[in-house]
Structures are given as structure tokens and as C-alpha cells.
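Novice: here's my sequence, what's the structure:
(2 chains)
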Amino acid sequence: MAESVVTGELNHEAEVNDRVMFGFWVYLMTDLLMFAVLFAVYAVLHGNTVGGPTGSELFSQPQALAETLILLTSSFTCGIGMIAARRGNKNQVLAWFTLTFLLGVAFLSLELLEFGELIHEGYTLSSNAFLSSFSVLVGTHGLHIISGLFWMFVTLLYILVRGLNRQLVRKLALLSLFWHFLDIVWIFIFTIVYLMAYV
Amino acid sequence: MSKLPDNTPTQPKAEHGTLASYVIGFILSLVFTAIPYYLVVTKTVTGNALLATILTFAVLQMAVQIFFFLHLGRGPKPLYNVAFFVSTVGIILVVVLGSIFIMDHLNYNIMMAPKATTTKLAQDEGIAQVGGEKTGACADIGTNHQVIVQNGQMKPLRVEAHLCDSLTFINQDAATLTIMFGSYAKPENYGGEIGVSVRSGRTKTITLNQLGTHAFHDHLHPGATSYFTVTKNNGVY
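Specialist: Predicted coordinates for the structure are as follows:
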């Protein structure tokens, strides 16, 4: 009798999990569509520099590579953190996700540095259509990273205070989905914006 | 069997990744980043081949992320999330490729484009004549002339060139240089451009495809105005 109650509860839990994951997946796909539109705008407008410098004159290849490697590594540490979360190892979860958080901060700092440099040299969002579409595309990704970092910070605080429970593992699973998704978007920014500027 | 406490973590299921799958995914993603980066930096491959290669690696990279990190396709069946993903990719391809296709053709087919745009387009495409009118496009580039900017000073102040020669601006100052055509009081267009921008330590080359004497000045130091004179090159053009 007691056993069937437990199984029933677990089945219900799994069902809720699946539904929440699918709902979040739908959100990610709509977000992907928004990025697709921004990519389309960049693809159409990247040549409109009005005599100003083009991408190959503005972008630093090593910096873009560093940003990519940092984000790929953070995606990896986030995955390892998820394995620890499913095993219920609170300390490992805290360690791996703190590392992911720090890598995210490093990525964001490099990105802000790049934007700061461009603005310092007088190239802003309003300089020309190329820089507008570039800033909006890369900036939107950066805003997603900021919200992801905020989410990660709050979730880590919860785990620190309340310990690891099923609800928090589910939240971490959604967060890692979001983080891997941002990694995928960045791969296309790296290829289409930073690498293709030099082709 | 006792009832499970509420804070028991969920058990690992088949759809979640193992350490091995994450490590393999991570190594593959590093390789798929390194190869296109190396190809772009060394220019081993160029042009459309390079473009196709780096785009292929981006797609491979995405596949790695999807299978090894997101574990798409390993959840409970039926796979609604996979179906949703595939249809999203379909919409993305229509939006992105459609936009590029339409805008590319729009630029070329537009009838009422400003003269500067038509001239620029004809020069980019090497079209020497449109409707009986010479566009100024150069089939071959002649001698290269240089203007060096150092400490806000341009050297030389006057350049003598033939049609279809090239002129290179070299910026040796720390600040970005903005060269505008015409004088400060009376800006003009040259070859469909109002000016060129040269970053610190970089160069920029223009093709001299318009005859006559033209002034140009540093937008930030309008005091110094220089000139270049373009003359005909004995019927080459």
C-alpha cells in the first residue's frame, strides 16, 4: 500500500518535470527565432558601413576566440554540475556551478571590454547600420548571459541555504538548458560575425 | 519501504548525460572551434570554400551541443521537443536565407536608387558603362600612391595620379583618422563615398576613378587640406 503511494508520487513528479521541461523548451525555440531575425538583419546590413571601418578592421580574432573557449568551457562545467545535482551531491553542485558562474562573468567582462573599446574609438550603436545590427545581435546575447548569471546566482543561494531538493534540481536542469542554448547562439555569432568578417 | 523525504534528489535517468558524454562533447566542441579559427587566421582556404567550411563547422558544433549537452532526442517518447526543434530550424532557414536573398536582389534591381549608390554598385561590379554613361569602374588598378598621417599632419599635401591608380591613407597616429572629401566648409563625394575612416596603425586604399582635382581633409583637424589630381592615362580607360 505504502509502496504504491510512493510510486504514484514519483510518477506524478516525473510527469510535472517532463511538462515543465517541454514548456521551457518551447520558450527556448521562440527565443531562437528572435535570434534568427537578428542574424538575418546582421546578414543583410553588415556591409552598410557608410565609409566606416568593416568588421575585419574592428574585431579582434584572439579576443573572440577567448570568449568562445570560455563559454564552451562554462557549458561543460554546467553539464558536470548537472550530473552532481542528479546524484544529490550539494558541495559538488555548488563548486561546479560557481565555476560556471565565474566563467560567465569572465565572458561578459571580455564582451563589455570590447564594446568599451569600440565606444572609446567613437564607434557606437548609431554610427552606421553595420554597427547597429552588430550591437543589437551581440548585445541581446549579452543580456541573456546577464539574466542567466542572475538566475544562477539566486539558485546557488537557494541551494546554499535550503540544501538540494527536487524542485531545485529541476530549476538547475532548466538553467543548464538555457546555458547550453546560449552557447549554441554564441557559436553562430562567433562564426557569422567574427570569423566571416575575415573571409 | 519507507516514504521518501521531499528533499531526495531525482534519480538519474537514461536521457541525462554521463560524464563520458560531456567530456567527449567538450573535446569535440574545442576541435570544432580550433579548425575554423585556424583556417580563417592562416587563410589556407579562401573565398567561398572557406565560407562553406566554417559554416559546416558551426553546424557540426551545434550538433555536438545538442546531442552531448542538451541530450535532445533521448527523452520520453513521442519526441515533441525534437519535432518542435526541427520546425524551428525550418522557420529560421526561411527567415534568414529569405532575407538575404530578397535584400541582395532588391539592391541590384532597384530602379530609383540614388546616383551615388548606382555608381558605387557599378564600381564594385566592375561595370564600366551604364546606359551609355561611364561609371568610372576600373578594370586594372595602376600605380599606388600614399598619404601618411603623422601627428595630425598629412604628407604629401598634393598627389598627382592617373585614372585608375590607387591611393592609400596610412594612419600613424594613436587616434582614428576620418578623411572627408572636399574642404571642411564644402564637403563633396568622391566615387560615391563622403570619406574614409582609418583606425590607428591601419591603412585604407581607395581607387581613383574620378577625374579632376579633389580636396580632402582630416575631419578632426580641418585646418590642413590636401589635394589629389587625377588625370587621364593616355586612353587606358
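Novice: can you tell me the SS state at A:Leu164?
Specialist: Assigned by DSSP: H, G, I helix; E, B strand; the rest coil, the conformation of A:Leu164 is coil.
Novice: show the model's pLDDT score for the residue most central in space within chain B.
Specialist: Chain B has B:Leu51 as the residue nearest its centroid, 12.1 Å off, counting by CA atoms, centre = their mean. pLDDT for B:Leu51: 90.
Novice: quick one: residues contacting it.
Specialist: A:196, A:199 (CB atoms under 8 Å, 6 or more residues apart in numbering or on different chains). Glycine gets a C-beta too; all of them are placed from N, C-alpha and C.
Novice: domains for chain B, by residue range?
Specialist: Chain B is divided into the following domains under automatic domain parsing: B:19-109, B:144-231.
Novice: what about A:Trp96, distance to chain B?
Specialist: 11 Å (CB to the nearest CB, to the nearest Å).
Novice: please name every helix or strand in contact with the longest helix belonging to chain B.
Specialist: For chain B, the longest helix by residue count, based on DSSP state H, is helix B:80-109. Applying 3 or more CB pairs under 8 Å, 6 or more residues apart in numbering or on different chains; DSSP states H and E, one finds that helix B:80-109 contacts helix A:2-45.
Novice: how far does the helix it packs on sit from the chain's center?
Specialist: Helix A:2-45 sits 15 Å away from the centroid of its parent chain (CA atoms, centre = their mean, to the nearest Å).
Novice: export the very next helix or strand once past that helix to PDB, keeping only CA atoms.
Specialist: Downstream of helix A:2-45, the first helix or strand assigned by DSSP states H and E is helix A:55-58. Extracted in PDB, the C-alpha atoms of helix A:55-58 (Å, rounded to 0.1, in the frame of the first residue of the first chain):
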ATOM      1  CA  GLY A  55      34.200  44.000 -39.200                       C
ATOM      2  CA  SER A  56      37.700  42.900 -40.100                       C
ATOM      3  CA  GLU A  57      39.100  46.300 -39.000                       C
ATOM      4  CA  LEU A  58      37.100  46.400 -35.800                       C
END
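Novice: hmm, back to that, buried residues, the one helix or strand the residue nearest to the centre of chain B maps to. List them.
Specialist: If you go by DSSP H and E, B:Leu51 is part of helix B:47-64. Buried residues in helix B:47-64, defined by neighbour count with 16 or more other CB atoms under 10 Å in any protein chain shown: B:50, B:53-55, B:57-58, B:60-62, B:64.
Novice: check stretch A:141-148 too.
Specialist: Applying 16+ other CB under 10 Å to stretch A:141-148 flags A:141-142, A:144-145, A:148 as buried.
Novice: any residue of that stretch up close to chain B?
Specialist: No: using CB under 8 Å from any CB of the partner chain, stretch A:141-148 stays clear of chain B, coming no nearer than 14.6 Å.
Novice: among the buried residues of stretch A:141-148, which lie within helices?
Specialist: Short answer: the buried residues of stretch A:141-148 in helices (DSSP H) are A:141-142, A:144-145, A:148.
Novice: could you dump the residues you listed to CSV with pLDDT?
Specialist: Shown next, in CSV, are these (pLDDT from 0 to 100):
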residue, pLDDT
A:His141, 97
A:Gly142, 96
A:His144, 97
A:Ile145, 97
A:Gly148, 97
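Novice: if we can go back for a sec, mind putting the buried residues of helix B:47-64 into JSON lines with distance to chain A?
Specialist: Formatted as JSON lines, the buried residues of helix B:47-64 follow (distance: CB to the nearest CB, whole Å):
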{"residue": "B:Leu50", "distance to chain A": "5"}
{"residue": "B:Thr53", "distance to chain A": "10"}
{"residue": "B:Ile54", "distance to chain A": "5"}
{"residue": "B:Leu55", "distance to chain A": "7"}
{"residue": "B:Phe57", "distance to chain A": "7"}
{"residue": "B:Ala58", "distance to chain A": "4"}
{"residue": "B:Leu60", "distance to chain A": "10"}
{"residue": "B:Gln61", "distance to chain A": "5"}
{"residue": "B:Met62", "distance to chain A": "5"}
{"residue": "B:Val64", "distance to chain A": "9"}
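Novice: adding distance to A:Gly23, write these out as TSV.
Specialist: Listed next are the buried residues of helix B:47-64 as TSV, based on distance: CB to CB, whole Å:
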residue	distance to A:Gly23
B:Leu50	41
B:Thr53	38
B:Ile54	35
B:Leu55	32
B:Phe57	32
B:Ala58	28
B:Leu60	29
B:Gln61	27
B:Met62	23
B:Val64	25
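Novice: show me the strands in chain B, by range?
Specialist: If DSSP state E is used as the criterion, the strands of chain B fall at B:129-130, B:133-134, B:144-150, B:153-155, B:158-162, B:166-171, B:177-181, B:195-198, B:203-207, B:212-218, B:225-231.
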